[in-house]
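Student: make a model of this:
(one chain, ligands or ions: 2)
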Amino acid sequence: MQILEARNLKKFYREKGREVEAVRDVSLTLAAGEILAFLGPNGAGKTTSIKMIAGLIRPDDGWVRICDRDPHHQPQALKLLGAVLEGNRNVYWRYTPEENLEYFGVLRGMSQNAARKRAADLLERFNLAHKRRALVQSLSRGMQQKLAIAVSLMHQPSLLLLDEPTLGLDVEATEDVKRLVREIVQEGCAILLTTHQLAIAEELSNRVAIINKGEIVTEETTDELIRQFSGSAYVIETERPIDAERVRKLHLLGLECATSRTIHVADAPMLYQVLAILKPLPILQIQKDQANLTDVFLKLVRGDEA
Ligand SMILES: Nc1ncnc2c1ncn2[C@@H]1O[C@H](COP(=O)(O)OP(=O)(O)O)[C@@H](O)[C@H]1O
Ligand SMILES: [Mg+2]
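Tutor: Residues are numbered from 1 along each chain as shown. Ligands and ions are numbered 1, 2, ... in the order given. Predicted coordinates:
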C-alpha cells in the first residue's frame with residue numbers, strides 16, 4: 001500500500017487582485033521505507049504542496065490520501081502524519097524539550113504516561129537528554145531542529161514531511177539530522193524531504209521529484225536520474241607515463257593522450273580496447289563521467305546545456 005498518494009493538487013492565491021498559481025499540478029506517491037526528495041527553485045510550490053499534504057491548506061483541486069485516508073476530511077489521517085515545516089515555528093521556545101515532546105504527544109492522542117516514556121526515548125536517541133530541562137530558546141539552532149523532528153515523531157507517524165530540515169545548520173548538526181533521517185526511514189517511515197542542499201538529497205533519497213513553476217517536471221529514481229544525465233566517457237590515469245610504442249597504438253585508435261599519464265575514452269567498448277593496449281601498466285584510476293543531482297537539477301530547471 002502507498003503511504004502517500006497525492007493527485008493533481010492545485011492551489012491558487014489571490015494577491016492584490018492578481019492570481020498566483022502557487023501549485024498547478026502536483027502528484028506524488030510514497031511507499032513505506034522510501035525517501036522522496038522534493039526539489040525545486042524558490043517559489044516553485046514545494047511548501048504549498050507540503051501544506052496541502054499535511055491538511056493545513058485546502059487544495060483548490062486534486063486530492064491527498066495518507067494510508068488511504070483523506071487528511072482534509074478524516075482527522076485519523078493526521079495521526080499517521082508528522083511534519084517539520086519551514087522556519088522555526090514547530091516547537092514552543094519558552095518551554096523545555098521535555099515539555100514540548102510531552103505536550104505534542106498528548107495533543108496527538110497519546111496518554112500522559114506513554115508520552116513521557118516516548119519523550120525520554122527520543123531525547124536519548126536525539127542526543128538531547130542533557131538539555132531536556134533547558135528552555136528551547138537557549139538551545140542551538142541544530143538542537144532546536146532535532147527537537148522539532150523528535151516532536152514530529154512522538155506519535156510514530158507513517159509519513160514524515162520535512163521541509164528544509166537542514167537549513168541554517170552547521171556541519172555537525174547536518175550530519176546528525178542525516179543520520180536520524182536514515183534511521184527513521186529504516187524503521188519503515190516514508191519521508192518527503194525538501195532541501196536546497198542537493199548533495200544531501202542525492203545521499204538520502206531513493207527517488208527525486210522536481211517541481212518548477214507549480215508543476216512536477218521530472219519524477220525518477222535517484223540512481224536512474226543520475227545515470228540518464230551522466231555521460232558515457234571515461235578518464236584513465238596510469239601510474240607512470242605511457243611509453244612511445246603505446247602512444248602510437250592509441251593513436252591508431254584515434255586517441256591522443258591528454259597528458260603523459262591520462263587518456264580520455266568515449267565509451268565502454270573503447271575503454272577495453274585501450275586497457276588491452278595499456279596492459280600490464282599499473283592503472284592509478286578509471287573514472288566515469290558521472291553527473292550529480294546538481295547537474296541534473298540545473299539542466300532540468302534552468303535548461304542549462306551539458
Ligand atoms: N499565502 C500565500 N499568499 C499568496 N501567495 C503565496 C502564499 N504562499 C505562497 N505563495 C506563493 O506561491 C508560490 C509558491 O510558494 P511556496 O510553496 O512557498 O514555494 P517553495 O516552497 O517552493 O519556495 C510563490 O510564488 C509564493 O509567493
Ligand atoms: Mg518552501
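
Student: please name every helix or strand in contact with the helix or strand containing Lys178.
Tutor: Under the criterion DSSP states H and E, the helix or strand holding Lys178 is helix 171-186. Contact partners of helix 171-186 among helices and strands, from 3 or more Cβ pairs under 8 Å, 6 or more residues apart in numbering; DSSP states H and E: helix 141-153, strand 190-194, helix 198-204. All C-beta atoms are positioned from the backbone trio N, CA, C, and that covers glycine.

Student: just say which of these is most tucked in.
Tutor: Of all the helices and strands packed on helix 171-186, strand 190-194 carries the top mean neighbour count, a mean of 25, counting by mean count of other Cβ atoms under 10 Å.

Student: touching ligand 2 at all, that strand?
Tutor: No. Against ligand 2, strand 190-194 shows no contacts by Cβ under 5 Å from the ion, the least distance being 6.5 Å.

Student: again, but for stretch 197-214
Tutor: No. For stretch 197-214, no contact with ligand 2 is found by Cβ under 5 Å from the ion; the gap never falls below 10.4 Å.

Student: got the CA positions of that stretch in CSV?
Tutor: The C-alpha atoms that make up stretch 197-214 are tabulated as CSV, following Å, rounded to 0.1, in the frame of the first residue of the first chain:
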residue,chain,number,x,y,z
GLN,A,197,21.3,21.1,-0.4
LEU,A,198,21.3,18.8,-3.4
ALA,A,199,24.2,16.7,-2.2
ILE,A,200,22.1,15.8,0.8
ALA,A,201,19.1,14.9,-1.4
GLU,A,202,21.4,12.7,-3.5
GLU,A,203,22.8,10.9,-0.5
LEU,A,204,19.5,10.3,1.2
SER,A,205,16.8,9.9,-1.4
ASN,A,206,15.6,6.8,-3.3
ARG,A,207,13.6,8.9,-5.7
VAL,A,208,13.5,12.5,-6.8
ALA,A,209,10.6,14.7,-7.9
ILE,A,210,11.5,18.1,-9.4
ILE,A,211,8.9,20.9,-9.3
ASN,A,212,9.2,24.0,-11.3
LYS,A,213,6.6,26.8,-11.5
GLY,A,214,4.0,24.7,-9.7
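
Student: do that stretch and ligand 1 come into contact?
Tutor: No. Using Cβ under 6 Å from any ligand atom, stretch 197-214 stays clear of ligand 1, coming no nearer than 6.8 Å.

Student: from the middle of its chain, how far away would that stretch be?
Tutor: 5 Å (Cα atoms, centre = their mean, to the nearest Å).

Student: from the stretch 51-200 of the chain, which residue is nearest to ligand 2?
Tutor: With Cβ to the ion as the measure, the residue in the stretch 51-200 of the chain that lies nearest ligand 2 is Glu86; the distance is 5.0 Å.

Student: stretch 7-19 near ligand 1 anywhere?
Tutor: Yes. Stretch 7-19 is in contact with ligand 1 by Cβ under 6 Å from any ligand atom, via 13, 15.

Student: buried sites along that stretch?
Tutor: By neighbour count on 16 or more other Cβ atoms under 10 Å, the buried set for stretch 7-19 is 9-11.

Student: just give me the closest of these to ligand 2.
Tutor: The shortest distance between ligand 2 and any of the buried residues of stretch 7-19, using Cβ to the ion, involves Lys11 and amounts to 13.1 Å.

Student: neighbours of the closest residue in space to that closest one that isn't next to it in sequence, how many?
Tutor: Spatial nearest neighbour of Lys11, excluding adjacent residues (Cβ to Cβ, 6 or more residues apart in numbering): Val23 at 4.3 Å. Burial of Val23, expressed as a neighbour count using other Cβ atoms under 10 Å, amounts to 29.
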